[in-house]
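Chemist: I'll drop the sequence and a predicted model, then ask my questions.
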Amino acid sequence: GQQLNQSPQSMFIQEGEDVSMNCTSSSIFNTWLWYKQDPGEGPVLLIALYKAGELTSNGRLTAQFGITRKDSFLNISASIPSDVGIYFCAAQTQTGSYQLTFGKGTKLSVIP
Amino acid sequence: GAVVSQHPSWVICKSGTSVKIECRSLDFQATTMFWYRQFPKQSLMLMATSNEGSKATYEQGVEKDKFLINHASLTLSTLTVTSAHPEDSSFYICSALVGFVSYEQYFGPGTRLTVT
């Protein structure tokens, strides 16, 4: 089946540092999405990418849809304590069901 | 926009009883909703796709007679865990498909189910 390889699995960074995480797959997808999940909460959509090569920003977050349509990365600049959480990449094939395939998540810890 | 609510946020029930979880789209209509299950420190696992007015489509390995899904209106889908057992204890999350730019899933806050 389709799988997304998300890395790193976890990371500890100092407040103010930039963060980068990525997802790769052997399959082609039409849409890549990045979600953040806080403990005991549902995932919150951060950025959605629809075209290969697309680079999209949302405040301090920037994400890109890989040109091969098999990968995506998320960057967070100037991290702050509230960036702590688990970040999931997700990819969607628009075959009519719009189901998502999720990565295993990147747990981000920010040291003040 | 695109707010999805779930009720209850947490529930404790005894083995053998049934529990119903509601998923509502608050400010939009959702013809398609999804139900996920998440174990601690793991990713989300899709259980089923719920389409308004039709039977849900279950993923392989998910017992449709145990996890009953009803999507009777464009703003409400329900998941009923029947004859619950301790191994059904988990975090259940729903999402709704929204067509803003393309089609994206917006998630509810989740329901923590504990079966004793």
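Modeler: Sure, I can see it. Numbers count the residues shown, from 1 in each chain, chains lettered A, B, ... in the order given.

Chemist: which residues are in contact with whatever helix or strand A:Ala90 lives in?
Modeler: Assigning secondary structure by DSSP states H and E places A:Ala90 in strand A:85-92. Here strand A:85-92 makes contact (C-beta atoms under 8 Å, 6 or more residues apart in numbering or on different chains) with A:2, A:4, A:6, A:21-23, A:25, A:27, A:29-39, A:43, A:46, A:72, A:74, A:98-103, A:105-108, B:43-44, B:103, B:105. Bear in mind the C-beta positions are built from the backbone N, C-alpha and C, glycine included.

Chemist: and stretch A:31-44, by the same measure?
Modeler: Applying C-beta under 8 Å, 6+ apart, the set of residues contacting stretch A:31-44 from outside is A:23, A:45-50, A:61, A:63, A:65, A:72, A:74, A:85-92, A:94, A:100, A:105, B:4, B:6, B:44, B:91, B:93, B:95, B:102-105, B:107-110, B:112.

Chemist: same deal with stretch B:8-17?
Modeler: Taking C-beta under 8 Å, 6+ apart as the rule, stretch B:8-17 contacts B:19, B:21, B:83-86, B:109-116.

Chemist: and that stretch, how far out from the chain's middle?
Modeler: With C-alpha atoms, centre = their mean, to the nearest Å as the basis, the distance from the averaged C-alpha position of stretch B:8-17 to the chain average is 15 Å.

Chemist: what's the end-to-end length of it?
Modeler: When the termini of stretch B:8-17 are compared using C-alpha to C-alpha, to the nearest Å, they are 16 Å apart.

Chemist: just the buried residues of that stretch, please?
Modeler: Within stretch B:8-17, the residues that qualify as buried by neighbour count (16 or more other C-beta atoms under 10 Å in any protein chain shown) are B:11, B:13.

Chemist: state the mean pLDDT of that stretch.
Modeler: Taken as a whole, stretch B:8-17 has an average pLDDT of 97.

Chemist: on that earlier part again, drop anything exposed from the contacts of stretch B:8-17.
Modeler: When neighbours are counted using 16+ other C-beta under 10 Å, the contacts of stretch B:8-17 contain these buried positions: B:19, B:21, B:84, B:109-111, B:113, B:115.

Chemist: contacting residues around A:Lys104?
Modeler: Contacts for A:Lys104 (C-beta under 8 Å, 6+ apart) come out as A:4, A:6, A:9, B:42-43.

Chemist: same question for B:Ser73.
Modeler: So B:Ser73 contacts B:Glu52 (C-beta under 8 Å, 6+ apart).

Chemist: what does chain B have sitting close to chain A?
Modeler: Taking C-beta under 8 Å from any C-beta of the partner chain as the contact definition, chain B meets chain A at B:4, B:6, B:32, B:34, B:42-44, B:46, B:49, B:57, B:91, B:93, B:95, B:97, B:101-110, B:112.

Chemist: and with 7 Å instead?
Modeler: For chain B, the residues found near chain A under the criterion C-beta under 7 Å from any C-beta of the partner chain are B:32, B:43-44, B:46, B:49, B:93, B:97, B:101-110.

Chemist: in strands only, show me these.
Modeler: Per DSSP state E, strands hold the following members of the residues of chain B next to chain A: B:32, B:44, B:46, B:49, B:93, B:97, B:104-107.
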